[in-house]
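Asker: Here is my input; please provide its structure:
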Amino acid sequence: MASNQIRHRADWRKTQITTGEVGTVGAVRLEKLSIASNATLADGPTLLRIVPHWLRVFGSRLSEIVIVVDSEPLEGRIAELHRGQSQPDQLMEAIRVLESTFPILRFISLQSLDPVPIQRRWFGKARPVRCQAGTPILAFAATVDLASQNIVLRCDSDMLFYENGWLDEAIQSLQEGVDVYEPPRLHLGAETVLSSRAFMIAKQSFYSRLPLRNLRLDVLRALYRMSIRRPPWLALEQMMQRSVAKGQLSHMVGRNTRLGFSLHGLKRSYIAAPWFEDVIRSIEAGRVPDPQRKYLDFHPDHWGIHIL
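Answerer: This next block holds a predicted model:
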């Protein structure tokens, strides 16, 4: 653990030196950004791998990383998918190591926050915490609210990036009036439905579009969910997609993968495996096997990795 901690710190400092200070290149101002993410009790090993990756990728463009931790038990379909994976001790150790290594990293407990001002800003009179399937809603919104920079990259804790210019495209698009920008996806095709896995906003202009509307399931499904003590709320990305469809929000997905891309790590067991560090380094260099380029989710077999 100690040797990994020293290596990650050295890698991050090397990135800062080689990238240079944020300022101007020609007439273009290079804005700093906040990364806003969230975690559960099962995400300790994932954070130890992914946080240093984000710091290497974004270097001196990065002002801070804010991670909201929800310590409440998982619910619904999400609880079924991740049954037996909660490891509070591993999460606490990961937080201790990461905070002592990277001073720009902040962890905040969701349960320590007053939810009402966040919910009022994002959802008006509604008070969602999780969606009907158990995915976070309040934690997503809270981590954006807590970010100190106007430019915010909201991403899940298992998202990987290759950055070769899409960040500047994102900031330019936001300045030109796009409300929600997503990094290029591998094999996007015609699919442009909004995903909350990784998106960027300029907080000041985005907040002027809030609160979101059309937050619930249809009446029959909402009543059924409530009858089994499940919430009636759509997932946050579905709420946002409905706002795009209604013209409340504008949305853009980057299409030039030569400028970089995002890739979903998919499984915690993959990310925690020793071989995954080599995968991360390849992605950071933009080296991805051709079969993987057809999928947003990581597939180990496309990398010649066979899982028993």
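
Asker: Just give the number of residues close to L62.
Answerer: 23 (other CB atoms under 10 Å). The way it works is simple: take the backbone N, C-alpha and C, and place the C-beta from them, glycine included.

Asker: quick one: it from F199, how far?
Answerer: 17 Å (CB to CB, to the nearest Å).

Asker: Repeat that for L296.
Answerer: Taking CB to CB, one finds L296 at 14 Å from F199.

Asker: Name the residue in the two with the higher neighbour count.
Answerer: F199 (24 against 18).

Asker: need the contact list for the more buried one.
Answerer: By CB atoms under 8 Å, 6 or more residues apart in numbering, the contact list for F199 reads L153, R154, C155, V180, Y181, E182.

Asker: Please name the bridge partners of the fourth one.
Answerer: Legend: beta-bridge partners of V180 under DSSP bridges are H251.

Asker: pretty sure it is touching G254, no?
Answerer: No: V180 is beyond contact range of G254, at 11.7 Å (criterion: CB atoms under 8 Å).

Asker: Out of the two, name the residue with the larger neighbour count.
Answerer: Taking other CB under 10 Å, V180 and G254 do not tie; V180 has more neighbours (26 against 22).

Asker: Tell me how far the more buried one lies from A141.
Answerer: Taken as CB to CB, the span from V180 to A141 is 14 Å.

Asker: helices or strands up against the helix or strand that V68 is a member of?
Answerer: For V68, the element it lies in under DSSP states H and E is strand 62-69. Judged by 3 or more CB pairs under 8 Å, 6 or more residues apart in numbering; DSSP states H and E, the packing partners of strand 62-69 are strand 33-39, helix 44-58, strand 105-109, helix 138-146.

Asker: Can you show me the strands along the stretch 151-300 of the chain?
Answerer: 151-155, 159-163, 180-182, 198-202, 251-253, 260-264 (DSSP state E, counting those that start in this stretch).

Asker: So for stretch 171-180, what gets flagged as buried?
Answerer: Across stretch 171-180, burial judged by 16 or more other CB atoms under 10 Å covers I171, S173, L174, V178, D179, V180.

Asker: Including distance to P115 and pLDDT, could these go into TSV?
Answerer: Converted to TSV, the buried residues of stretch 171-180 look like this (distance: CB to CB, whole Å; pLDDT from 0 to 100):
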residue	distance to P115	pLDDT
I171	30	97
S173	31	97
L174	27	97
V178	28	98
D179	24	98
V180	23	98
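
Asker: any chance of those in CSV, plus distance to S269?
Answerer: Formatted as CSV, these follow (distance: CB to CB, whole Å):
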residue, distance to S269
I171, 35
S173, 35
L174, 35
V178, 36
D179, 35
V180, 31
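
Asker: got the contact list for A141?
Answerer: I118, Q119, R121, W122, F123, L236.

Asker: Next, give me the two most distant ones among these.
Answerer: The largest separation in the contacts of A141, counting by CB to CB, is between R121 and L236 at 13.6 Å.

Asker: the more surrounded of these two?
Answerer: The residue with more neighbours, out of R121 and L236, is L236; 25 against 15, by other CB under 10 Å.

Asker: is it true that the more buried one touches F140?
Answerer: Yes: between L236 and F140 there is a contact under CB under 8 Å: 5.1 Å.

Asker: intersection of neighbour lists for the two?
Answerer: Common contacts of L236 and F140, defined by CB under 8 Å, 6+ apart, comprise S196.

Asker: so R130 bridges to which residues?
Answerer: P136.

Asker: and L186, how many residues sit next to it?
Answerer: 17.

Asker: Pop out the phi and psi values for it.
Answerer: phi -60, psi 140 (degrees, to the nearest 10).

Asker: How about the contacts made by it?
Answerer: With CB under 8 Å, 6+ apart, L186 has these contacts: T257, F261, S262, L263, V288, Q292, R293, K294, Y295, L296.

Asker: Show the pLDDT at the third one.
Answerer: According to the model's per-residue confidence, S262 sits at a pLDDT of 96.

Asker: you'd agree it is up against M200?
Answerer: No: S262 is not in contact with M200 according to CB under 8 Å; the separation is 10.8 Å.

Asker: In which helix or strand does the closest residue to Q119 other than its chain neighbours reside?
Answerer: Leaving out its chain neighbours, the residue that sits closest to Q119 by CB to CB, 6 or more residues apart in numbering is R127, at 5.0 Å. Using DSSP H and E, R127 falls within no helix or strand.

Asker: could you measure R127 against I137, distance?
Answerer: Where I137 is concerned, R127 sits at a distance of 10 Å (CB to CB).

Asker: Just want to know which of the two has more residues nearby.
Answerer: I137 (25 against 15).

Asker: quick one: contacts for the more buried one?
Answerer: When contacts are taken as CB under 8 Å, 6+ apart, I137 is in contact with P128, V129, R130, C131, W233, A235, L236, M239.
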